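Enquirer: Sequence and predicted model, in that order:
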Amino acid sequence: MLFVSDDWGWPFYGFMRDPRALPPCELEGLPVPRTPTLDRLVQDGVGFHRGVVTAARCQASRESIFTGLNRRDLTVRRFETLTYPGHPTIPVELARRGYRTLGIGKWEVARGGLSASFTDNDKYTTELGRGPDDVSALNRGELQIVDRFLEERRDDGVPWMLYVGPRLPHQPFQRPREAPYQYDDVDLDAARACKQRFTISPVSFRRFLGSCTWVDELLRRIVEDKLGAYGFDSDTLVVYTTDNGAVLRRGKGSFREAGMRTPIVAWAKDLFPATGLHPGLVGTIDIFPTILDALGMDPATGPAFPDGRSFLPLLADPSARASEEFRRVFFSNWRPDGKRAVRDDRYKLYTSLFGREEAMYDLDADPFERVNLLLRNRLTPETDAVRAALATDLAQWWCSRGEGGVACN
């Protein structure tokens, strides 16, 4: 099961306040929403706190999630359906291998919508009188379609894949009015004191926190209630992520960490040990190859992933060595102006069109990217060597294939 929330920035998860994920800094007084389900899934599973999306925009980010490809390797500006030739996708590839698939909620990937991309969406649209891509129904917590789908899979024994995508906590911040989703005592004084700048008002921030808690409750209802009720709680891989960050300045639509960094959570009862937070540099482009790997599918018979790779081996090994062997650097490009970025487990380098270096940040010491190391002679010989290595990596990657070839002179 794949659960993708909408516009939930990385500083607003309780488990991300762990010193391993976020060194003590100015966020100590910044409120976070109550998310008991996600906290438990991280505790009993794996939470990649260095998770990263490929784009800080919904559509581009979700395209990468469903194809396992960076924007550079996608040859279309917008899918008509996920059966677009040359671009295998999660639901289409699993259907090809005999899986029944259902997608509910927010899409924004293909004009054809969910019904044209999942095997069972048209069926429930006809039977229940509304489509699974009725986002408002999912946002309200109406999960009857999930019940029908899981009940039928229990009865027929056919393997399945479920995608759930609420348009939450995206504005306008919807949530129930009950006490668990109210944050009336929260203000932004702590955020202002630590020089954080928000794109929303204090009233909206309180609603945002409540919306986050409501998303957590939707996840609980599916993972804890429904998977258990239909006998799927012991052999189902659950992956949670979000499409990009928001709320903080330089969040959505930016290459900054407030827009690009997101935790990726994996949980499967009894299938891999409880690790908790993991230091691996894992991206949302890794979700597709991980799903195929978890299903035991031969990589030689499946899609090619230039940058994506299965993080299944990391679920059993939280060591730094395993993380280094998994991935040393991660690349991002999605802006039409040619901007791109590369990061390792500590530093991030931004370049503009034609590869001109613009900024470099030490993400361990400066997770909100306030101190550009390329300015005012801040580079030491050691960090300059890191800069040069990252610049070389990025140039080679950008020129190796795809649309980046135009800038390789």
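Expert: Arrived safely, thanks for sending. Numbers count the residues shown, from 1 in each chain.

Enquirer: Val342 and Asn333 touch, don't they?
Expert: No. In this structure Val342 lies outside contact range of Asn333 using C-beta atoms under 8 Å: 9.6 Å. Glycine gets a C-beta too; all of them are placed from N, C-alpha and C.

Enquirer: how about the helices of the stretch 201-350 of the chain, start to end?
Expert: Counting by DSSP state H, counting those that start in this stretch, residue ranges of the helices within the stretch 201-350 of the chain are 202-220, 227-229, 257-260, 287-294, 320-326.

Enquirer: Nearest approach to Ile65 belongs to which of the ones you listed?
Expert: Across the helices of the stretch 201-350 of the chain, Ile65 has its closest neighbour in helix 287-294 (5.9 Å, C-beta to C-beta).

Enquirer: The closest one packs against which elements?
Expert: Helix 287-294 makes packing contacts with helix 58-67, helix 90-96, strand 238-242 when contacts are defined by 3 or more C-beta pairs under 8 Å, 6 or more residues apart in numbering; DSSP states H and E.

Enquirer: In CSV, list the ones you listed along with mean neighbour count and mean pLDDT.
Expert: Below are these laid out as CSV (neighbours: other C-beta atoms under 10 Å; pLDDT from 0 to 100):
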stretch, mean neighbour count, mean pLDDT
helix 58-67, 25, 91
helix 90-96, 20, 92
strand 238-242, 24, 97
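
Enquirer: Just put the ones you listed in TSV and tack on distance to Thr392.
Expert: Rendered in TSV, the data for the helices and strands packed on helix 287-294 read as follows (distance: least, C-beta to C-beta, whole Å):
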stretch	distance to Thr392
helix 58-67	24
helix 90-96	33
strand 238-242	30
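
Enquirer: These: which one's closest to Tyr13?
Expert: Relative to Tyr13, the nearest member of these by C-beta to C-beta is strand 238-242, separated by 9.4 Å.

Enquirer: Name every strand pairing with that closest one and say which way it goes.
Expert: Strand pairing for strand 238-242, determined by DSSP bridges: strand 2-5 (parallel), strand 264-267 (antiparallel).

Enquirer: hey, which of the ones you listed is tucked in deepest?
Expert: Of all the strands paired with strand 238-242, strand 264-267 carries the top mean neighbour count, a mean of 26, counting by mean count of other C-beta atoms under 10 Å.

Enquirer: for it, what is the average pLDDT?
Expert: Averaging pLDDT along strand 264-267 yields 97.

Enquirer: need the strands paired with strand 238-242 in JSON lines with distance to Phe12, can you?
Expert: Shown next, in JSON lines, are those (distance: least, C-beta to C-beta, whole Å):
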{"stretch": "strand 2-5", "distance to Phe12": "11"}
{"stretch": "strand 264-267", "distance to Phe12": "14"}
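
Enquirer: Those strands: which one's closest to Glu151?
Expert: Ranking the strands paired with strand 238-242 by their distance to Glu151 (criterion: C-beta to C-beta) puts strand 2-5 first, at 19.6 Å.

Enquirer: For the closest residue to Leu248 other than its chain neighbours, grab the count of nearby residues.
Expert: Distances taken as C-beta to C-beta, 6 or more residues apart in numbering put Ala258 closest to Leu248, at 4.3 Å, once the chain neighbours are dropped. Using other C-beta atoms under 10 Å, Ala258 is surrounded by 26 other residues.

Enquirer: contacting residues for Ala258?
Expert: Ala258 makes contact with 9-11, 245, 248-251, 368, according to C-beta atoms under 8 Å, 6 or more residues apart in numbering.

Enquirer: repeat that for 6 Å
Expert: Under the criterion of C-beta atoms under 6 Å, 6 or more residues apart in numbering, the contact list for Ala258 reads 9, 245, 248, 250-251.

Enquirer: out of the residues you listed, which are buried?
Expert: The neighbour-count test (16 or more other C-beta atoms under 10 Å) marks 9, 245, 248, 250-251 as buried among these.

Enquirer: Of all pairs in the residues you listed, which one is the farthest apart?
Expert: Taking C-beta to C-beta as the measure, these span a maximum distance of 10.5 Å, between Gly9 and Arg250.
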